[in-house]
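In: curious how this folds, go ahead:
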Amino acid sequence: MENFKAFMKRKNIEISLKRYGIDALGAMAQGLFCSLLIGTIINTLGTLFHIGFLTATVATIAGTDYTVGGLTMAMSGPAMAVAIGYALQCPPMVLFSLVAVGFASNALGGAGGPLAVLFVAIITAEVGKMVSGETKVDILVTPLVTVGVGVFFSWLLAPALGKLAMMVGTFIMWATDLQPFLMGILVSVVVGIALTLPISSAAICAALGLTGLAGGAAVAGCCAQMVGFAVMSFKENRWGGLVSQGIGTSMLQMPNIVRNPRVWIAPTVASAITGPIATCVFHLQMNGPAIDSGMGTCGLCGQIGVFQGWLADIEAGKMAAITGTDWLGLILISFVLPAVLAPLINMFCRKKGWVKDGDLTLGPVRAKEETSEEIQAQGAQPAEA
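Out: Residues are numbered from 1 along each chain as shown. Prediction:
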């Protein structure tokens with residue numbers, strides 16, 4: 001047993017929730033962002049603004065025409081697998097071999113491909129790390145074992161994992177359509193919390209294929225966290241904090257949440273309010289890429305995804321045109337309501353003494369303030385004789 005533990009340590013294999021549930025999942029979302037999401041945005045920009053080189057066919061493979069965005073989207077499986085391998089600190093030859101594994105698992109996983117890629121890539125990466133550098137013909141053994149194991153597990157697990165993910169996602173979407181008020185609250189709160197935690201709400205939504213009304217509730221929850229934290233902490237973090245949290249990520253507040261969990265009350269309650277408003281009042285739906293459901297206002301991806309869904313619905317004849325009510329709902333749910341509700345709820349928390357000045361200060365600002373306080377304290381000390 002001790003020899004095995006030493007071997008695992010030497011191979012940098014750490015079986016833990018942090019490495020697989022946080023590092024790998026977060027990296028997968030980045031890989032998905034840089035392939036599927038960016039490709040979708042490129043296609044949308046090309047279609048919307050009639051940009052010829054973005055809408056033209058640049059390659060025809062097996063009878064299928066691909067645009068620049070189409071090629072980018074087609075590489076989502078390899079991108080996710082390589083991103084996961086990078087997070088797991090794979091040696092180069094293992095990392096490069098994951099390209100084929102990601103393609104296989106994503107293709108065999110169908111609509112639930114991202115979940116299949118997550119599991120298969122983790123297993124394959126760790127097996128690849130075990131054999132890497134162990135033979136004199138490493139250049140042959142490592143890629144052969146990595147690709148072989150990856151394709152085998154893709155064949156064995158990906159179809160079932162893909163179906164499972166789609167069943168869960170379909171159930172959530174069905175339940176939200178059936179009970180938009182209660183599920184609007186539940187989905188909004190849960191996905192919003194996941195966005196602020198050091199896990200990936202985007203990867204979760206992508207893995208479950210969360211779109212439609214449930215996707216709209218997820219967008220509402222994410223926006224409530226990001227815009228809510230950004231606005232209610234403006235006094236402490238000013239414009240830098242507003243931008244970094246409002247368009248970046250509310251995950252920056254995690255150290256403060258650990259110090260005082262009550263700072264999380266305001267944006268979470270705000271998400272419980274905006275979620276059912278999104279589902280019951282404005283019928284906000286995410287019919288763009290499922291990953292956008294878990295992005296919120298990060299790079300405005302949530303809003304771009306909703307807009308892409310509108311265009312797709314118009315093209316499919318499901319929607320006549322984008323109305324003023326559609327735009328009003330998107331703006332209120334994404335920006336206005338979180339910016340108003342979270343500070344108001346936080347004001348109540350402050351009156352109760354649950355939150356005080358400085359509790360929402362972000363790391364760099366906090367460190368700067370603490371350094372200034374130390375300097376002042378040293379300056380106040382009497383000089384030694």
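In: number of residues surrounding Ser317?
Out: Let me fix one detail, which is that residue 317 is Gly and not Ser. If you count neighbours by other Cβ atoms under 10 Å, Gly317 ends up with 7. Every C-beta, even on glycine, is put in place using the N, C-alpha and C of the backbone.
In: pLDDT score assigned to it?
Out: pLDDT recorded at Gly317 is 90.
In: cool, Cys280 as well?
Out: Predicted confidence (pLDDT) for Cys280: 96.
In: the one 4 residues further on now?
Out: Among the per-residue scores, Leu284 shows a pLDDT of 95.
In: could you do Gly63 as well?
Out: 89.
In: so it versus His50, what's the distance?
Out: 26 Å (Cβ to Cβ, to the nearest Å).
In: so which strand or helix has the residue sitting nearest the centre point of the chain?
Out: Nearest to the geometric centre of the chain sits Ala202, at 2.6 Å (Cα atoms, centre = their mean). Assigned by DSSP states H and E, Ala202 belongs to helix 201-208.
In: same question for that helix, mean pLDDT?
Out: 86.
In: need the residues that contact it.
Out: With Cβ atoms under 8 Å, 6 or more residues apart in numbering as the test, helix 201-208 has contacts from 25-26, 28-29, 32-33, 36, 112, 114-115, 118, 165-166, 168-169, 172, 191-192, 194-195, 210, 215, 218, 222, 289-296, 298.
In: check which helices and strands the next helix or strand after that helix sits against.
Out: As assigned by DSSP H and E, the chain's next helix or strand after helix 201-208 is helix 212-232. Here helix 212-232 touches helix 138-178, helix 180-196, helix 201-208, helix 234-243, helix 265-276, helix 301-316, helix 337-351, going by 3 or more Cβ pairs under 8 Å, 6 or more residues apart in numbering; DSSP states H and E.
In: tilt between the helix holding Ala202 and helix 138-178?
Out: Computed by axes from the mean of the first three to the mean of the last three Cα atoms, to 10 degrees, the angle separating helix 201-208 from helix 138-178 equals 80 degrees.
In: export helix 201-208 as PDB, just CAs?
Out: C-alpha atoms of helix 201-208 as PDB (Å, rounded to 0.1, in the frame of the first residue of the first chain):
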ATOM      1  CA  SER A 201     -22.100  26.400 -13.400                       C
ATOM      2  CA  ALA A 202     -21.500  26.700 -17.200                       C
ATOM      3  CA  ALA A 203     -20.100  23.200 -17.400                       C
ATOM      4  CA  ILE A 204     -23.000  21.900 -15.300                       C
ATOM      5  CA  CYS A 205     -25.600  23.500 -17.600                       C
ATOM      6  CA  ALA A 206     -23.700  22.300 -20.700                       C
ATOM      7  CA  ALA A 207     -23.500  18.800 -19.300                       C
ATOM      8  CA  LEU A 208     -27.200  18.700 -18.600                       C
END
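In: starting at the chain centroid, how far to that helix?
Out: Centroid separation between helix 201-208 and its chain, computed with Cα atoms, centre = their mean, to the nearest Å, is 7 Å.
In: just stretch 65-77 next, same as before
Out: 20 Å.
In: tell me which residues of it are tucked away?
Out: 66-70, 72-77 (16 or more other Cβ atoms under 10 Å).
In: if we can go back for a sec, so for Gly63 and His50, which sits in the more crowded spot?
Out: His50 (9 against 5).
In: could you tell me the least trusted of the helices and strands packed on helix 212-232?
Out: Minimum mean pLDDT among the helices and strands packed on helix 212-232: helix 201-208, a mean of 86.
In: now do Ile273 against Leu332, distance only.
Out: Counting by Cβ to Cβ - Ile273 and Leu332 are separated by 12 Å.
In: Leu360 too?
Out: For Leu360, the distance to Leu332 - Cβ to Cβ - is 24 Å.
In: again, but for Asn237
Out: 24 Å.
In: of the two, who's got more company?
Out: Between Asn237 and Leu332, Asn237 has the larger neighbour count (other Cβ under 10 Å), namely 22 against 19.
In: let me have the buried residues of stretch 65-77 in a markdown table, extended by distance to Ala320, pLDDT and secondary structure.
Out: Converted to a markdown table, these look like this (distance: Cβ to Cβ, whole Å; pLDDT from 0 to 100; DSSP: H, G, I helix; E, B strand; the rest coil):
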| residue | distance to Ala320 | pLDDT | secondary structure |
| --- | --- | --- | --- |
| Tyr66 | 31 | 93 | strand |
| Thr67 | 27 | 94 | coil |
| Val68 | 30 | 93 | helix |
| Gly69 | 26 | 90 | helix |
| Gly70 | 28 | 91 | helix |
| Thr72 | 31 | 93 | helix |
| Met73 | 28 | 88 | helix |
| Ala74 | 32 | 92 | helix |
| Met75 | 35 | 94 | coil |
| Ser76 | 32 | 91 | helix |
| Gly77 | 36 | 94 | helix |
